[in-house]
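Enquirer: Attaching a predicted model along with its sequence, questions to come.
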Amino acid sequence: MTETIKDKVRAFVIENFLFGDTSYDLADTASLIENDIIDSTGVLELVAFIEDQFGIAMADSDIVPANLDSLSRISAFIETKVGAPVTA
Amino acid sequence: MCGYGGYFGQVPEAEALLKRMIAAIAHRGPDEHGIFIAPEAGLGHARLSIVGLGDGQQPMSDETGDLTIAFNGEIFNYVELRDELRAKGRRFRTSSDTEVILHLYDVMGEDCLSALNGDFSFAIWDKRRQRMMLARDRMGVRPLFYTTHGGTLYFASEIKALLQVPGVSAELDPVALDQIFTLWAPIAPRTGFRDINELEPAHLLIAERGKVSIRPYWQLDYPDRSAQASFVDEGQAAEELRALLTDATRIRMRADVPVGSYLSGGLDSSIVSALAAKMAPKGLRTFSVTFDSVEHDESAFQMEMATALGTHHTAVACRAGDIAKAFPEVVRFAERPIIRTAPAPLYQLSGLVREQGLKVVLTGEGADEVFAGYDIFKEARVRRFCGRQPGSRIRPHLFRKLYPYLPGLQQQSAEYLAAFFGAGDVPLDDPLFSHRPRFKSTAATKIFFSSDLRATVKDYDAAEDLASRLPATFGRWHPLHQAQYLESRFLLPGYILSSQGDRMAMAHGIEGRFPFLDHRLVEFATRLPPEMKLKGLVEKHILREATKDLLPPSIGRRTKQPYRAPDSRSFTGIGELEYVRDAMSETRISDSGLFNPKAVTKLYEKCQAQPVTGFRDNAAFVGILSTQLWLQAFTGTRTRAAEAA
């Protein structure tokens, strides 16, 4: 389950923010902002993706780097919201 | 205002070459053409007649025939200089400012540059000393490019003319491309073309006895931050500013043809128009661009100001599709890839002025650099404020106040705002502190570089290159002055005055004049205490104080609305044209070898699908498209659309 969520998120980030560049060495814990992968418009794109893909309604207070600034953080946040187990 | 080209050295078929060079830049000077050929040098000139209509033909030689000049620009204090020279016994044959430079050079040699108040670029052939002197104005208003080939020095107002020289070819400089995709412009003397340089602002080049030497004759300088303030009394500073600005405008109204004014609806052009209107007994003509999109359009303010001043106002509408339609010509005139579309509406605007029969316009350009108007100055101040208390949840909310026109930013949390602006991440003593976030977010566009291009530029770091060129005194200046220097010394000549300024105006034979860039005013403003310019988060405070009686309160109190135009959106949807699809196609991107074809295809699809696109994607789209068009225009890399035409 965890892998599925993380894979989906990774695929979205690679497709939408890295434009299909699979050679980019994107570590699970790498900051999306510090690595210039995402900007302010990108955050809103990411929120739309999470809401559409996982059926989660994100409150303003959810939209913070602590929840969304790396693949690991995004996956953990989604898991918490959908009530899925944190580890596979 | 004109264009010129020339050489110093031995050139076969010199007359034919000079004619070709001038023909390539004929748009700069549609009124007259002239050629001068000596055994060792040649000059060609295309003239836009503004001062000395009947007797200012160029190239112009002095009475002895020893000195010959080709000149582009205006010397605004030529009347005073001519009076001084006459008092010393000098006799003038013409009423032009060109002849004043010749006399002044004869008297002072290259030191004559310090006496000139103007926007100029010229070449003087000195037969007695067998030397060619090239010079450019202090702020970089008028252009000058050069290259050496086969031991001969060639120079011209635009690169197109240099490409007429046999053996000089157009080749994209990959380092320049890296600089554009990081800093928005190449770092002079580098241009987009490999082995073709530009003479930097406030520099002179002397070629003699087989050697070329280049040096500055003036430098933009700021006081040490620990030095005692030159101005304590704000009223006195405002009074002095007003007097200088009034005189700067007055001498820029000098012309033998009518002078109009751009009127954007913002503070700066409104001030210039208000001052000019008082000096135009027959009435002032003003011109502006309007946009369909509410976020870019300022027509309500333009009309309010035009009505208040009683000017004869004319506007050109920039509609969906207009930017895309003009963009190939915009890139050809700009002569470099650009990451924003903002030059395109200005290309349209100069076309309107030409249609209306004017040749000269005043603009408000320069006020944001000289009096600290740009958002980036405020942003740096807020970032420092946040950096003093990292983790604060309150302080980052100030970023929202800076960018009310960016909806994506308004919806972000304090944590994200702090993260996006790198608050606390950039060392406070970093010389590029003010511009680091901009350079970093722009450099994110390099994700589209092909593996070949990445291998070519390797570890090159454009921002560090820029930092290495800062003057030794830079570290002693106030942070606001450091930020102003970066804008004034690099982006102003490298992008604002060139890609958006001279090249777009001269595409239609229009001369722009910039009262805020009068060097007396620039020098005065460097001495003003930073708080008089950026007071809290109010930009251009002292300028507002100095001119508050000139403007309606709604204009005088207006917060800076940066001049922007729709970017990737201009090329998708309604405005989408065949050449765009072709230039961005996988085949054409592969042909150019500069970008990753699959990534560009995805970017194009994303921009087509989404109504709102972020900064990086917009800049990348416009940068890639303009690079493709640049290659097509200058290197013969053809697109299918061009082949079919």
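Expert: Right, received. Where do you want to start?
Enquirer: residue contacts, the residue in chain B that chain A sits nearest to?
Expert: Relative to chain A, the nearest point of chain B is B:G614 (3.1 Å; C-beta to the nearest C-beta). Using the backbone N, CA and C atoms, a C-beta is placed for each residue, glycine as well. Shown in contact with B:G614 (C-beta atoms under 8 Å, 6 or more residues apart in numbering or on different chains): A:39-42, A:45, B:408.
Enquirer: count of neighbours near the residue lying closest to B:M584 once chain neighbours are set aside?
Expert: Nearest in space to B:M584, with sequence neighbours left out and distances taken as C-beta to C-beta, 6 or more residues apart in numbering or on different chains, is B:Y604 at 4.9 Å. Residues lying near B:Y604 (other C-beta atoms under 10 Å in any protein chain shown) number 23.
Enquirer: quick revisit: so which of the contacts of B:G614 are in helices?
Expert: A:40-42, A:45, B:408 (DSSP state H).
Enquirer: Out of the residues you listed, who's the most crowded?
Expert: Neighbour-wise, the ones in helices among the contacts of B:G614 (other C-beta under 10 Å) top out at A:S40, 24 neighbours.
Enquirer: Which residues of chain B lie near chain A?
Expert: Those residues of chain B that sit near chain A, judged by C-beta under 8 Å from any C-beta of the partner chain, are B:406, B:408-409, B:411-413, B:415-416, B:419-420, B:425, B:440-441, B:443-444, B:447-448, B:596, B:598-600, B:602-603, B:606, B:610, B:612-617.
Enquirer: Just give the closest residue to the residue of chain B closest to chain A, not the sequence neighbours.
Expert: Of all residues not flanking B:G614 in the chain, A:T41 sits nearest, at 3.1 Å (C-beta to C-beta, 6+ apart).
Enquirer: Using CSV, list the CA coordinates for stretch B:426-441.
Expert: This file holds the C-alpha atoms of stretch B:426-441, laid out as CSV (Å, rounded to 0.1, in the frame of the first residue of the first chain):
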residue,chain,number,x,y,z
VAL,B,426,20.7,32.7,2.1
PRO,B,427,23.6,34.0,4.2
LEU,B,428,23.0,37.7,5.0
ASP,B,429,26.5,38.6,3.8
ASP,B,430,26.0,36.9,0.4
PRO,B,431,26.7,39.7,-2.2
LEU,B,432,23.8,38.4,-4.3
PHE,B,433,21.5,38.1,-1.3
SER,B,434,18.8,40.3,-2.9
HIS,B,435,18.7,38.3,-6.2
ARG,B,436,19.4,34.8,-5.1
PRO,B,437,15.8,33.5,-5.1
ARG,B,438,15.2,35.0,-8.5
PHE,B,439,18.4,33.5,-10.0
LYS,B,440,17.6,30.2,-8.3
SER,B,441,14.0,30.0,-9.5
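Enquirer: chain center to that stretch, what's the gap?
Expert: Centroid separation for stretch B:426-441 versus its chain: 22 Å, with C-alpha atoms, centre = their mean, to the nearest Å.
Enquirer: Looking at that stretch now, give me its mean pLDDT.
Expert: Mean per-residue pLDDT for stretch B:426-441: 93.
Enquirer: Show me which residues of that stretch are buried.
Expert: Buried residues in stretch B:426-441, counted by 16 or more other C-beta atoms under 10 Å in any protein chain shown: B:426, B:431-441.
Enquirer: helices or strands next to the helix or strand harbouring B:Y154 in the packing?
Expert: Per DSSP states H and E: B:Y154 is located in strand B:152-156. With contacts taken as 3 or more C-beta pairs under 8 Å, 6 or more residues apart in numbering or on different chains; DSSP states H and E, strand B:152-156 sits against strand B:2-8, strand B:145-149, helix B:159-162.
Enquirer: returning to that earlier point: separation between the residue nearest to B:G614 and B:T613?
Expert: Using C-beta to C-beta, to the nearest Å, A:T41 is found at 7 Å from B:T613.
Enquirer: thinking again about what came up before, hmm, the residue nearest to B:M584 is touching B:L625, no?
Expert: No - B:Y604 is not in contact with B:L625 according to C-beta atoms under 8 Å; the separation is 9.2 Å.
Enquirer: got the contact list for residue 34?
Expert: Defaulting to chain A. A:E34 is in contact with B:419, B:425, counting by C-beta under 8 Å, 6+ apart.
Enquirer: Chain B is the one I meant
Expert: B:44-45, B:47, B:57-59.
Enquirer: what about residue 52, neighbour count?
Expert: Just going to use chain A. Per other C-beta under 10 Å, the neighbour tally for A:D52 reads 9.
Enquirer: look at chain B instead
Expert: Neighbours of B:G52 using other C-beta under 10 Å come to 17.
Enquirer: And for B:S288?
Expert: Using other C-beta under 10 Å, B:S288 has 24 other residues around it.
Enquirer: Surely it is within a strand?
Expert: Yes - judged by DSSP: H, G, I helix; E, B strand; the rest coil, B:S288 forms part of a strand.
Enquirer: B:A317: how many residues sit nearby?
Expert: Neighbour number of B:A317 under other C-beta under 10 Å is 14.
Enquirer: which SS state does it fall under?
Expert: Per three-state DSSP, B:A317 ends up strand.
Enquirer: which secondary structure element contains the most centrally placed residue in chain A?
Expert: Centroid-nearest residue in chain A, with C-alpha atoms, centre = their mean: A:I74, separated by 4.0 Å. Assigned by DSSP H and E, A:I74 belongs to helix A:71-82.
Enquirer: Dump that helix to CSV, keeping only the CA atoms.
Expert: Provided in CSV are the C-alpha atoms of helix A:71-82 (Å, rounded to 0.1, in the frame of the first residue of the first chain):
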residue,chain,number,x,y,z
LEU,A,71,8.0,12.2,-1.5
SER,A,72,8.2,10.7,2.0
ARG,A,73,6.3,13.5,3.6
ILE,A,74,3.6,13.5,1.0
SER,A,75,3.1,9.7,1.2
ALA,A,76,3.0,9.8,5.0
PHE,A,77,0.5,12.6,4.9
ILE,A,78,-1.8,10.8,2.4
GLU,A,79,-1.5,7.5,4.4
THR,A,80,-2.6,9.3,7.6
LYS,A,81,-5.5,10.9,5.8
VAL,A,82,-6.8,7.8,4.2
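Enquirer: Give me the contact list for it.
Expert: A:1-2, A:5-6, A:9-10, A:13, A:26-30, A:46, A:50, A:54-56, A:62, A:65-68, A:84-86.
Enquirer: run the last query once more with 10 Å
Expert: Applying C-beta atoms under 10 Å, 6 or more residues apart in numbering or on different chains, the external contacts of helix A:71-82 come out as A:1-10, A:12-13, A:26-32, A:46, A:49-50, A:53-58, A:62, A:64-68, A:70, A:84-87.
Enquirer: Now narrow those residues to whatever sits close to chain B.
Expert: The residues of those that also fall near chain B, by C-beta under 10 Å from any C-beta of the partner chain, are A:31-32, A:62, A:64-68.
Enquirer: Now the most far-flung residue of chain A relative to its centre. Its backbone dihedrals?
Expert: Going by C-alpha atoms, centre = their mean, the residue of chain A most distant from its centre is A:S23, 18.5 Å out. Dihedral pair for A:S23: phi -80, psi -10, per degrees, to the nearest 10.
Enquirer: okay, how far is it across stretch B:521-540, tip to tip?
Expert: Using C-alpha to C-alpha, to the nearest Å, one end of stretch B:521-540 lies 14 Å from the other.
Enquirer: rewinding a little: using ChimeraX, define a selection of the buried residues within the contacts of helix A:71-82.
Expert: Buried subset of these, written as a ChimeraX selection, criterion 16+ other C-beta under 10 Å:
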select /A:5,6,8,9,10,12,13,26,32,46,49,50,54,56,58,62,64,65,67,68,70,84
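Enquirer: From the contacts of helix A:71-82, which land in helices?
Expert: When helices are assigned by DSSP H, the members of these inside them are A:2-10, A:12-13, A:46, A:49-50, A:53-54, A:65-68.
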